[in-house]
Each structure stands twice: as structure tokens, then as C-alpha cells.
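Q: Provided below for reference: sequence and predicted model.
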Amino acid sequence: MNPALLDTDILSYFLRGDSVVKARATEYLREYPSLNYSIFSHYEILSGLRYRDAHKQLDKFLDFVALNRMLPFTVHSVEIAADIYAALRSHGKIIDDVDILIASIARENQLTLVTNNTSHFTPIPDLTVENWTEP
């Protein structure tokens, strides 16, 4: 299994207890000390839970945060993100900026991006993508 960065959707599946995603995460954790996620996924999960005033889920997320690794957005990530944006736009492919930013963190850290939104990420050059929702 390759070192990986969880996209927000996979993190959501994990936090909701999806059996397939949890099994893949368990397999991953046999080889690596923690799960990786980005600062943008942290924001997306946290803002969604606070909006819904979902205290139990928020506590579960904070427990997850304490045990796993949030990767920051750096100046190098910005440069990678700008290159991704330019490459996609020059080919007429537009995806959400947050997806580009998450992908840039994965590329900077040489991580496979784990997502259920493979169609958003497969056009990104030099990015390896996996889907943990598939058994």
C-alpha cells in the first residue's frame, strides 16, 4: 500500500463508520503510523459539523484529529496548485479550487490521493488516485 492522503469525502466515510473504508484504513494503519489528511479537509469537515451543530460527530472528528496527521498548505503547495490549475485550464478542464489545493498537498508530499471523486482528480498530472470505497 502506498502512503496516502485522504480526501474529505473519504474522511467523511471513515467518520461515519463505512465498513469498506474502515477496513482499508485498518489495512493502511498496519503499515503506517497514522492517516494523513489536509488542512482543507480539516476545514471542510469542521465547518460542516459546526454548521449542523453536530456535537457527537464533532467529538469523533476531534478524536480522529488527535490520532492522525494533518498536512499543511505551504508555499511549495501554492506553486504546485498554480501549475495544476494552469495545466487543467489549458486543457479546458475546470475543477473546484479546494480539490486543486488538496491535490497539491498530495503531490508535494508524494502521496496517493484517496478519494471517491476520482473523476475530479484523474485529470491532474502526476497525481496517483485510489478509491477506498470500492472493496
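A: Thanks, I have the structure now. It should be emphasised that the depicted structure is a prediction, and the values quoted were computed from it without experimental measurement. Numbers count the residues shown, from 1 in each chain.
Q: what about the longest helix in this structure?
A: The residue-count maximum for a helix in the chain (DSSP state H) belongs to helix 75-90.
Q: in that one, what's buried?
A: Buried residues in helix 75-90, counted by 16 or more other C-beta atoms under 10 Å: 77, 80-81, 83-85, 88. (C-beta placed from N, C-alpha, C; glycine too.)
Q: what's the answer for stretch 91-110, then?
A: Under the neighbour-count criterion of 16+ other C-beta under 10 Å, stretch 91-110 has 95, 98-109 buried.
Q: which strands and helices sit next to the longest helix of the chain?
A: Helix 75-90 is packed against helix 97-108, with contacts defined by 3 or more C-beta pairs under 8 Å, 6 or more residues apart in numbering; DSSP states H and E.
Q: dump the helix it packs on to PDB, keeping only the CA atoms.
A: Taking Å, rounded to 0.1, in the frame of the first residue of the first chain, the C-alpha atoms of helix 97-108 are listed here in PDB:
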ATOM      1  CA  ASP A  97     -10.200  25.200  -6.200                       C
ATOM      2  CA  VAL A  98     -10.300  23.100  -3.000                       C
ATOM      3  CA  ASP A  99      -9.700  20.000  -5.000                       C
ATOM      4  CA  ILE A 100      -6.700  21.500  -6.600                       C
ATOM      5  CA  LEU A 101      -5.300  22.600  -3.300                       C
ATOM      6  CA  ILE A 102      -5.800  19.200  -1.700                       C
ATOM      7  CA  ALA A 103      -4.100  17.600  -4.800                       C
ATOM      8  CA  SER A 104      -1.200  20.000  -4.500                       C
ATOM      9  CA  ILE A 105      -0.600  18.800  -0.900                       C
ATOM     10  CA  ALA A 106      -0.700  15.200  -2.000                       C
ATOM     11  CA  ARG A 107       1.800  15.900  -4.800                       C
ATOM     12  CA  GLU A 108       4.100  17.900  -2.600                       C
END
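Q: which is the next helix or strand following the helix or strand of the chain with the lowest mean pLDDT?
A: Ranking every helix and strand in the chain by mean pLDDT, DSSP states H and E puts helix 118-121 at the bottom, with a mean of 94. Next in sequence after helix 118-121, counting helices and strands by DSSP states H and E, comes strand 129-130.
Q: show residues contacting that next one.
A: 2, 4, 112-115, 118, 121-122 (C-beta atoms under 8 Å, 6 or more residues apart in numbering).
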